[in-house]
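K.L.:
got a structure for you, letters missing:
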């Protein structure tokens, strides 16, 4: 473990480090020196996370050519390894999270994706753990959903991961813009009791 004083110094100079250090060096410092991922051990062990990493993402890599992953963290940086060059884009509103983003990373809130990419730029979007964690009220959720609809091509695939109990079921807000996916194997909501996490699988409505 690092002395508290050294952690304080590293934290104070982190904005400068983000400017000067290459991404690999920042990741090494954060993961190996500051041990950022220690607090996320439960997330790594969760059944919902194992499903995402071992089943869902590999399937997406095989079936879609332009994938947008919303939200980055120290436990998501390796997801890019499952995709071909140019296949995977990340977006996050926090500058400090850019280090965990893909080679193609957008620094912006997801509702502003239209400022950075043309309409229908993606054939798949993964929105996992965003509702209830920064996008909390119905009005904000609706703006995000509208942006997702614009960013996806018609019949594009949308994965929404959310937690029961943090907010109401987002299905009614999604319904005007998306419909249930009917393509195997992701044709029904996945739950992982006793976890509260849920995955819904949808496709973009035309129009």
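P.N.:
In hand now; what should we look at? Owing to the predicted nature of the structure, the values given are computational and were not obtained by experimental measurement. Numbers count the residues shown, from 1 in each chain.

K.L.:
other SSEs contacting the longest helix along the chain?
P.N.:
The longest helix of the chain (DSSP state H) is helix 138-151. Contact here means 3 or more C-beta pairs under 8 Å, 6 or more residues apart in numbering; DSSP states H and E; on that basis helix 138-151 packs against strand 122-128, helix 171-174. The way it works is simple: take the backbone N, C-alpha and C, and place the C-beta from them, glycine included.

K.L.:
Now do the buried residues in the last one.
P.N.:
Using 16 or more other C-beta atoms under 10 Å as the test for burial, helix 171-174 gives 173, 174.

K.L.:
same for it, what does it pack against?
P.N.:
Helices and strands touching helix 171-174, by 3+ C-beta pairs under 8 Å, 6+ apart, are helix 138-151, strand 197-204.

K.L.:
Secondary structure element holding residue 69?
P.N.:
Taking DSSP states H and E as the definition, residue 69 sits inside strand 67-70.

K.L.:
Run the chain-centre distance for that strand.
P.N.:
6 Å (C-alpha atoms, centre = their mean, to the nearest Å).

K.L.:
contacting residues around it?
P.N.:
Residues outside strand 67-70 that contact it (C-beta atoms under 8 Å, 6 or more residues apart in numbering) are 60-61, 76, 79, 83, 87-92, 102, 110, 113, 121-128, 130, 151.

K.L.:
change it to 7 Å
P.N.:
For strand 67-70, contacts defined as C-beta atoms under 7 Å, 6 or more residues apart in numbering pick out 60, 79, 83, 87-91, 110, 122, 124-127, 130, 151.

K.L.:
just stretch 176-189 next, same as before
P.N.:
Against stretch 176-189 from outside (C-beta under 7 Å, 6+ apart): 145-146, 149, 157-158, 198-205.

K.L.:
Run through the residues that contact residue 48.
P.N.:
192, 195, 197.

K.L.:
can you confirm it is in a helix?
P.N.:
Yes: per DSSP: H, G, I helix; E, B strand; the rest coil, residue 48 lies within a helix segment.

K.L.:
Spatially nearest residue to it (excluding sequence neighbours)?
P.N.:
Sequence neighbours aside, residue 197 is the residue nearest to residue 48 in space, at 4.0 Å (criterion: C-beta to C-beta, 6 or more residues apart in numbering).
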